[in-house]
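Student: I would like the atomic coordinates for the input below:
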Amino acid sequence: MKPTKQYISDKALTLFNEKGFVNVRLQHIADSAFVSVGHLAYHFKNKDEIIFSLYKRLKKKQELQLTEFRVLPLFEDIDFLLRNVYQLQQQYRFFYLDTLEVLRAFPDIAEKHRQLLRFQRQQIQFMIEFNASRGSFIQPVYEKQFAEIAHTFCLIMDNWLSYQYTNGNNTPLETAYCNDMWSVLKVLFTDMGIPEFRQLSNKAY
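Tutor: Numbers count the residues shown, from 1 in each chain. So this is what the prediction gives:
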């Protein structure tokens, strides 16, 4: 049975995560998938097509997570999203460690990713506004406060893994990620939000 397109892209993803996408050649992917470069080319003409395929998968998963999250973003749902984001970033580690290089090399991916980041900020701002409306977060002190916090939240969310690796931590933990992300939101907790988070953290951490 010949390896499938999915199998080959999975092998490429593993190599990209281990070595960085710039250090992986088609021959490396073919060897890992136990196929010839010619057979690999039947599924993917070049490495660029593999990168596009992997990013398409990543983007689809991210959009699904954010769309489901918007339904009712209570504290438990926020924590669930954070854990899923952490797992997704581990699964597609090469993209989050080499984001700038990928976006420079692939302008089409750069534009799609900018659209995704805008969508992400919108969903996070909605989450903040929703929790303020139900009393777990404070009301905004000034007009753009929630937009600014959403921006900061997303900035840390998407660059956390790279920061950890830069500081020599190549095995960052899920709990550390969640704690760092919650620290951005803790300044918004009300008297209702504090015990709600404590109850959540007693279960989760």
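
Student: Quick one: mean pLDDT over stretch 39-58.
Tutor: The average pLDDT for stretch 39-58 rounds to 94.

Student: Please export the C-alpha coordinates of that stretch as CSV.
Tutor: Taking C-alpha atoms only, stretch 39-58 is exported to CSV below (Å, rounded to 0.1, in the frame of the first residue of the first chain):
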residue,chain,number,x,y,z
HIS,A,39,6.3,9.5,-5.9
LEU,A,40,6.2,12.4,-3.4
ALA,A,41,5.9,14.8,-6.3
TYR,A,42,2.8,12.9,-7.4
HIS,A,43,1.1,14.3,-4.3
PHE,A,44,3.1,17.6,-3.8
LYS,A,45,5.0,19.3,-6.6
ASN,A,46,7.3,20.9,-4.2
LYS,A,47,7.9,21.8,-0.5
ASP,A,48,5.8,25.0,-1.0
GLU,A,49,2.7,22.9,-1.6
ILE,A,50,3.3,20.9,1.6
ILE,A,51,3.6,24.1,3.6
PHE,A,52,0.4,25.5,2.1
SER,A,53,-1.4,22.2,2.9
LEU,A,54,-0.2,22.2,6.5
TYR,A,55,-1.2,25.8,7.0
LYS,A,56,-4.6,25.2,5.5
ARG,A,57,-5.1,22.4,8.1
LEU,A,58,-3.9,24.6,10.9
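
Student: Could you list the low-pLDDT ranges of this structure?
Tutor: The chain contains residues with pLDDT under 70 at 1-3, 203-205.

Student: mind giving me the domain split of it?
Tutor: Domain ranges of the chain: 1-45, 54-204, per automatic domain parsing.

Student: Going by secondary structure, Lys56 is in what exactly?
Tutor: Secondary structure from DSSP states H and E places Lys56 in helix 47-69.

Student: could the domains of the chain be laid out in JSON lines, adding mean neighbour count?
Tutor: Just so you know, the C-beta spots here come from the backbone N, C-alpha and C atoms, and that holds for glycine as well. JSON lines is the format used below for the domains of the chain (neighbours: other CB atoms under 10 Å):
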{"stretch": "domain 1-45", "mean neighbour count": "16"}
{"stretch": "domain 54-204", "mean neighbour count": "16"}
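
Student: for this structure, longest helix please?
Tutor: helix 107-133 (DSSP state H).

Student: Show the secondary-structure elements that that one is packed against.
Tutor: Applying 3 or more CB pairs under 8 Å, 6 or more residues apart in numbering; DSSP states H and E, one finds that helix 107-133 contacts helix 47-69, helix 99-105, helix 145-166.

Student: and Ser36, which of those is closest to it?
Tutor: Closest to Ser36 of the helices and strands packed on helix 107-133 is helix 47-69 (CB to CB; 15.6 Å).

Student: Please consider this matter closed, and thank you.
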